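**Student:** model this:
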Amino acid sequence: MDKPLSSILGAAVRIARVRAGLTQEDVAERIGMASEVYGRMERGQMLPRVENLRRLCLVLNVAPQELLGLEAMGLGKVDSPREEAKPRPDDTADMRRLVRRLRRLNPTQVKLLSLVAGAMLSKGKPAKGRKRASSAQRELE
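**Tutor:** Numbers count the residues shown, from 1 in each chain. Below is the predicted model:
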């Protein structure tokens, strides 16, 4: 085998990610890795830790043998029972982008956003939510 393992793994991860319809940011977020670091791994510039390799296999729904290039060599042909990845109805690109942005907010911003969302949802309902909102607003001050 002429190619280094990092290149083999990077190419296999990229193929699996594209097949799953995910962005680099999506995968990085789901395995708990910075997107810049994930990009380096996908470009074959680094190898993941074992824990991250395991998470990659779960997120991308691929066997480790496939990511490590063992199946291409005729090794590691193992039928492992894997649960099929079922897309959630709310797992759209817009929803994933919103969640990434929400995770960057500080606690005060999250409280304020929660107040705004609560006000939007309670529009047209009895004013009982207003008392709660005003006390939450006092907490922010």
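**Student:** Can you tell me the centre-most residue of the protein?
**Tutor:** When CA atoms, centre = their mean is applied to the chain, the residue found nearest the centroid is residue 30 (2.7 Å).
**Student:** Just give the number of residues close to the spatially closest residue to that residue that is not a sequence neighbour.
**Tutor:** Leaving aside its chain neighbours, residue 30 sits nearest to residue 59 (4.7 Å; criterion: CB to CB, 6 or more residues apart in numbering). Glycine gets a C-beta too; all of them are placed from N, C-alpha and C. Using other CB atoms under 10 Å, residue 59 is surrounded by 19 other residues.
**Student:** and residue 59, what does it touch?
**Tutor:** Counting by CB atoms under 8 Å, 6 or more residues apart in numbering, residue 59 makes contact with 20, 22, 27, 30-31.
**Student:** Among those, which ones are in strands?
**Tutor:** Of these, none are assigned to strands by DSSP state E.
**Student:** ChimeraX command for the buried members of those?
**Tutor:** The following ChimeraX line selects those of the contacts of residue 59 that are buried, judged by 16 or more other CB atoms under 10 Å:
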select :22,27,30,31
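**Student:** low-scoring stretches of this protein, by residue?
**Tutor:** Applying pLDDT under 70 to the chain flags residues 1-2, 71-90, 124-141.
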